[in-house]
Each structure stands twice: as structure tokens, then as C-alpha cells.
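# sequence-free structure coming up:
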């Protein structure tokens, strides 16, 4: 049996909105996710699983922000859309 272990991190419900500075229910989703990803990176995960709702209303700009935040990650990243996401 292989004793190697791998860390897979899951981040759910980022609810990114139209602009990185927009506030949703008293928080800035972009800054919240940015901070969460910074902490996640310290665990040196083997893969990242992002589950819906990635965006609040499926705005293209929200997915662009997500891509920007994930630039530089050199691990597999998997996405599962939520009911708020535009899965097309």
C-alpha cells in the first residue's frame, strides 16, 4: 500500500458578482475568495475543487474574476456549477 497522501481542497459558494469591489450581503465576494485561496495555498493541495455557486447570477465578469484569481495555480482545478451559475 502506498503511504503517500494528497490534499484535495474544496471551496464552495464563492458567489462572485459583477465587479471585484462589489458587496453582496455585507461582504466582498472577490476579496473573500482571494483571501480563502491565499490560505488554501499554504496547504499545498494536490488539487482544488470549486463547487457552486461560483457566481451569484452567472455574470461573465464573475467567471473572469475567478480565472484571474486562479492564474498561477499549477494543480488540477475542478468545477461543479451551482444553481446560480451559468453552466454553458
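Arrived safely. None of the values given here were measured: they were computed from a predicted structure.
# the residue nearest the centre of the chain: which element?
With distances taken as Cα atoms, centre = their mean, the chain has residue 50 as the residue nearest its mean C-alpha position (5.1 Å). Element membership of residue 50, judged by DSSP states H and E, is strand 47-51.
# same question for that strand, mean pLDDT?
If you average the pLDDT over strand 47-51, you get 98.
# residues in contact with that strand?
6, 8-14, 40, 66, 70, 73, 75-80, 82 (Cβ atoms under 8 Å, 6 or more residues apart in numbering). All C-beta spots, glycine's among them, are computed from the backbone N, C-alpha and C.
# now the helix or strand just after that strand: mean pLDDT?
Sequence order places helix 60-70 as the next helix or strand after strand 47-51, per DSSP H and E. Mean pLDDT, computed over helix 60-70, is 97.
# could you list every helix and strand in contact with helix 60-70?
Helix 60-70 sits against helix 29-41, with contacts defined as 3 or more Cβ pairs under 8 Å, 6 or more residues apart in numbering; DSSP states H and E.
# what packs against the helix it packs on?
Packing partners of helix 29-41 (3+ Cβ pairs under 8 Å, 6+ apart): strand 8-12, helix 60-70.
# find me the pLDDT at residue 2, would you?
On the pLDDT scale, residue 2 is placed at 62.
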